[in-house]
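Participant: okay, sequence plus prediction incoming.
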Amino acid sequence: MKLLPCCYCRSFQVLETCVKNCGKRFHIQVANKDFLNELVKIIAPKNEPTVGVQEKILSLIQVENTQGCLLPTGSQ
């Protein structure tokens with residue numbers, strides 16, 4: 001079953017709010033390589049994501065990086 005773009009966007013809004021307001025334990029989970037790979041899969045061309053979904057995921061990754069969730073390899 002394919003999710004509607006609005007479902008993705010609302011899910012990402014909740015995730016972004018959690019990233020901004022939760023602590024280190026949550027950030028570690030979000031920065032997990034498997035989790036990030038799942039985000040990348042959503043924007044893969046075969047899934048035909050809308051531009052809005054692509055922009056929201058890229059924005060979310062940027063927020064994660066700004067919040068210090070994404071650390072260089074070997075820093076965790």
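Facilitator: Structure's in. What do you need?

Participant: ok, which stretches of the chain are helices?
Facilitator: Read by DSSP state H, the chain holds these helices, from start to end of the chain: 5-21, 24-30, 33-42, 51-66.

Participant: tell me the pLDDT of Leu70.
Facilitator: Note on Leu70: pLDDT of 59.

Participant: same check on the one 5 residues further on?
Facilitator: Ser75 is assigned 44 on the pLDDT scale.

Participant: re earlier: pipe the helices of the chain into CSV and attach mean neighbour count and mean pLDDT per row.
Facilitator: Every residue, glycine included, has its C-beta placed from N, CA and C. Shown next, in CSV, are the helices of the chain (neighbours: other Cβ atoms under 10 Å; pLDDT from 0 to 100):
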stretch, mean neighbour count, mean pLDDT
helix 5-21, 14, 83
helix 24-30, 13, 83
helix 33-42, 12, 85
helix 51-66, 15, 80
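
Participant: check contacts around Ile57.
Facilitator: Counting by Cβ atoms under 8 Å, 6 or more residues apart in numbering, Ile57 touches Phe12, Leu39, Ile42, Ile43, Pro49.

Participant: if we go to 10 Å?
Facilitator: Tyr8, Cys9, Phe12, Leu15, Leu39, Val40, Ile42, Ile43, Pro49 (Cβ atoms under 10 Å, 6 or more residues apart in numbering).

Participant: need these in CSV with distance to Leu58, can you?
Facilitator: Listed next are the contacts of Ile57 as CSV, based on distance: Cβ to Cβ, whole Å:
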residue, distance to Leu58
Tyr8, 13
Cys9, 13
Phe12, 10
Leu15, 13
Leu39, 9
Val40, 10
Ile42, 11
Ile43, 8
Pro49, 11
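
Participant: which of those residues sit farthest apart?
Facilitator: Greatest spacing in the contacts of Ile57, by Cβ to Cβ: Cys9 and Val40 (17.1 Å).

Participant: so which of the contacts of Ile57 is the closest to Thr66?
Facilitator: Taking Cβ to Cβ as the measure, Leu15 is the one of the contacts of Ile57 closest to Thr66, at 14.3 Å.
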